[in-house]
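Engineer: Mind looking at a prediction? Sequence and model below.
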Amino acid sequence: MKTINSLKQELENKDKYILNAYKKFGRMFEQFVPFTKRFSKEDKENFKFLGQPIDGIIFGKDKIIFVEIKTGKSELTENQKRVRDLIQQKKVNFWEVRF
């Protein structure tokens, strides 16, 4: 017969497994979103997937768009909020590195 502590541990393990599966699904889903109807043909062709800390960038003809893809009730992480704020504050630079 299982004890209450062993049942609690088993439930915690299953919760961790389910949460991990949601995260993996989300990471895979993010890579397919640019091929949906929400993206124009031009955006699809110019989308570059990054993954972290934001999902990607669209290099348009007259603008650059930083893209973060969320599902359900998921929210921006603190790092994503920081990136968003830096972009909104126009603290973005171009760095050319030559060798």
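Structural biologist: Great, that's in hand.

Engineer: can you tell me which helix in the chain is longest?
Structural biologist: helix 4-32 (DSSP state H).

Engineer: in the chain, which residue is closest to the centre?
Structural biologist: Geometric centre of the chain, nearest residue: residue 55, 4.3 Å, by Cα atoms, centre = their mean.

Engineer: Now for residue 56, how many residues are close by?
Structural biologist: Neighbour count of residue 56, defined by other Cβ atoms under 10 Å: 19. All C-beta spots, glycine's among them, are computed from the backbone N, C-alpha and C.

Engineer: er, residue 39 actually
Structural biologist: 16.

Engineer: Return the residues in contact with the closest residue to it other than its chain neighbours.
Structural biologist: Once flanking residues are discounted, residue 39 sits nearest to residue 47: 6.7 Å by Cβ to Cβ, 6 or more residues apart in numbering. For residue 47, the contacting residues are 34, 39, 56, 57, 58, 67, by Cβ atoms under 8 Å, 6 or more residues apart in numbering.

Engineer: what does residue 48 give?
Structural biologist: Counted by Cβ under 8 Å, 6+ apart, residue 48 has contacts 56, 57, 58, 59.

Engineer: Next, count neighbours for the second one.
Structural biologist: Residue 57 has 15 neighbouring residues, counting by other Cβ under 10 Å.

Engineer: Just grab the bridge partners of it for me.
Structural biologist: residue 48, residue 66 (DSSP bridges).

Engineer: is it true that it touches residue 51?
Structural biologist: No - using Cβ atoms under 8 Å as the test, residue 57 is too far from residue 51 to be in contact (11.4 Å).

Engineer: related to what we said a few turns ago, check which helices and strands the longest helix of the chain sits against.
Structural biologist: Helix 4-32 sits against no helix or strand, with contacts defined as 3 or more Cβ pairs under 8 Å, 6 or more residues apart in numbering; DSSP states H and E.

Engineer: Now do the residue nearest to residue 60 when sequence neighbours are not counted, the pLDDT please.
Structural biologist: Nearest residue to residue 60, sequence neighbours excluded (Cβ to Cβ, 6+ apart): residue 46, at 6.0 Å. You'll see residue 46 listed with a pLDDT of 91.

Engineer: If anything else comes up later, I'll come back, but that's it for now.
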